[in-house]
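> Mind looking at a prediction? Sequence and model below.
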Number of protein chains: 4
Amino acid sequence: MSDINKLIQEIVKFRDERDWEQFHNSKDLALALSIESSELLELFLWKDSEDFKIDKLKEELADVLMYAFLIANKHDLSIAEIIQEKMRKNAEKYPVDKSKGNATKYNEL
Amino acid sequence: MSDINKLIQEIVKFRDERDWEQFHNSKDLALALSIESSELLELFLWKDSEDFKIDKLKEELADVLMYAFLIANKHDLSIAEIIQEKMRKNAEKYPVDKSKGNATKYNEL
Amino acid sequence: MSDINKLIQEIVKFRDERDWEQFHNSKDLALALSIESSELLELFLWKDSEDFKIDKLKEELADVLMYAFLIANKHDLSIAEIIQEKMRKNAEKYPVDKSKGNATKYNEL
Amino acid sequence: MSDINKLIQEIVKFRDERDWEQFHNSKDLALALSIESSELLELFLWKDSEDFKIDKLKEELADVLMYAFLIANKHDLSIAEIIQEKMRKNAEKYPVDKSKGNATKYNEL
């Protein structure tokens, strides 16, 4: 299954069975997303770049994605649309000829 | 369009046109994800929970999702599978009868 | 000058001249601290471990420290006391003989 | 005791007894700082702004400060100097007359 909307509905169902929507204001959802991203980051602390446990990575990445999807759902955002729109903006900030093979931030290009 | 795999392919195409995969080791992708989540969080700093600019939220959420999808892609993870697997674990940690209407973390239940 | 309390008083004076204490509830101070730490982290994104700009590091570290000191000040915490207390706990979690030359997290020792 | 330098020396002694300096490259110290700040933030997740456990706050704030102090120590930075320098810059970005009672970010003033 690779349909985002069906997946989001499963997450919403899990949330609603526990009556958790009442806690999910926009600010706390942003906190939760940031905290879960930091837990994913912790897997790499004091480690080489590819030295991590894949099972932990799966769990932390799933947590990040669930909160990201809940934020999109709360604000009726289409995940495909916001990503495609951001890629259009990024394409202007990072034109292929200037940014090819170059990790410099656009405002330093 | 709500097919995750097609969306990920668009992101990968954007990355490859710029030859950026060379920078995308697992640790730096985790840094990028954490940094973008923090930028989303910043929209709410010193603000009430629903006082934010939706256009900024769309952009920051798109950034978060793009890095999350790139991490999944790098490790050949199915987004649906890791989320469904995590929900199964969460269902054990947070059984409906104990967690209904309760935001307490599972290890304090 | 290396007296923390005098330094904190300078920061408090700066804050009070701008009448900013009204925004500094405990939760938003924690957000600010996390956001500034992430900005410091961003200096290292896509970079080798010692490849960073020292002037930027100074600024971001100062931001982190100012919010950390404001949190301590708000709750009447002695910085020396909380650090010394934490080191006592860490000494139990990480006894020298088990943790010497070992970055393993204590719950995995 | 409120002398920062003496406090930093205690932290360095703790580190050196465990032979941990070898892990403390600049990038991983920045990761550690960000991760600890996120743990402090987690104390406020799904909570009202002043609803937190002070004992947990003390511990997480101590962790944040220890890593911030280790970063300063690694780069021979004077904590008082970098904070005073940053306050001078902030005083220009946030002049009292424009920023009094106003939490708006300087680039939106």
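Done, it's in.
> What residues does A:Ile8 make contact with?
With contact taken as C-beta atoms under 8 Å, 6 or more residues apart in numbering or on different chains, A:Ile8 is in contact with A:Phe69, A:Leu70, A:Ala72, A:Asn73. Quick note: C-beta positions are derived from backbone N, CA and C, even for glycine.
> does chain C sit close to the helix or strand that contains A:Glu92?
Taking DSSP states H and E as the criterion, A:Glu92 maps to helix A:79-93. No. Helix A:79-93 does not reach chain C (C-beta under 8 Å from any C-beta of the partner chain); its nearest approach is 15.3 Å.
> just stretch A:24-36 next, same as before
Yes. If you take C-beta under 8 Å from any C-beta as the test, stretch A:24-36 does meet chain C, through A:Leu31, A:Ser34.
> Just send the contacts of A:Ile8 back as a markdown table, with distance to D:Ile83 too.
What follows is the contacts of A:Ile8, written out as a markdown table (distance: C-beta to C-beta, whole Å):
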| residue | distance to D:Ile83 |
| --- | --- |
| A:Phe69 | 40 |
| A:Leu70 | 38 |
| A:Ala72 | 39 |
| A:Asn73 | 42 |
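> Counting neighbours, which bits of the worst-scoring helix or strand of chain A on mean pLDDT end up buried?
Using mean pLDDT, DSSP states H and E, helix A:96-99 stands out as the lowest-scoring helix or strand of chain A, at a mean of 93. For helix A:96-99, burial by neighbour count (16 or more other C-beta atoms under 10 Å in any protein chain shown) applies to A:Ser99.
> ok, residues contacting that helix?
So helix A:96-99 is contacted by A:Tyr106, A:Leu109, B:Glu17, B:Arg18, B:Trp20 (C-beta under 8 Å, 6+ apart).
> Write out the residues of chain A neighbouring chain D.
A:23, A:28, A:31-32, A:34-35, A:38-39, A:41-42, A:44-46.
> Show me which residues of stretch A:40-56 are buried.
A:Leu40, A:Leu41, A:Glu42, A:Leu43, A:Phe44, A:Leu45, A:Trp46, A:Lys47, A:Phe52.
> so the first one is in which element?
So that's A:Leu40. helix A:26-42.
> Also the last one?
Taking DSSP H and E as the criterion, no element holds A:Phe52; it sits outside all helices and strands.
> Can you name the residue of chain A that approaches chain D most closely?
A:Ser38 (3.5 Å; C-beta to the nearest C-beta).
> which residues sit in contact with that residue?
B:Ser34, B:Ser37, D:Ser34, D:Ile35, D:Ser38, D:Glu39.
> quick one, phi psi at A:Ser78?
phi -80, psi 120 (degrees, to the nearest 10).
> Tell me the spatial nearest neighbour of A:Val64, not counting adjacent residues.
A:Glu36 (4.7 Å; C-beta to C-beta, 6 or more residues apart in numbering or on different chains).
> quick one: the one you found and A:Leu70, what's the gap?
Here the criterion is C-beta to C-beta, to the nearest Å. By it, A:Glu36 lies 11 Å from A:Leu70.
> picking up where we left off before, CA atoms of the helix holding A:Leu40 as PDB?
The C-alpha atoms that make up helix A:26-42 are tabulated as PDB, following Å, rounded to 0.1, in the frame of the first residue of the first chain:
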ATOM      1  CA  SER A  26      -0.900  22.800  16.400                       C
ATOM      2  CA  LYS A  27       1.900  23.900  18.700                       C
ATOM      3  CA  ASP A  28       2.200  20.700  20.600                       C
ATOM      4  CA  LEU A  29       2.100  18.700  17.400                       C
ATOM      5  CA  ALA A  30       5.100  20.800  16.300                       C
ATOM      6  CA  LEU A  31       6.800  20.000  19.600                       C
ATOM      7  CA  ALA A  32       6.100  16.300  19.200                       C
ATOM      8  CA  LEU A  33       7.500  16.300  15.600                       C
ATOM      9  CA  SER A  34      10.700  18.100  16.800                       C
ATOM     10  CA  ILE A  35      11.200  15.700  19.700                       C
ATOM     11  CA  GLU A  36      10.800  12.600  17.600                       C
ATOM     12  CA  SER A  37      13.200  14.000  15.000                       C
ATOM     13  CA  SER A  38      15.700  14.500  17.800                       C
ATOM     14  CA  GLU A  39      15.200  10.900  19.000                       C
ATOM     15  CA  LEU A  40      16.000   9.700  15.500                       C
ATOM     16  CA  LEU A  41      19.100  12.000  15.500                       C
ATOM     17  CA  GLU A  42      20.200  10.400  18.800                       C
END
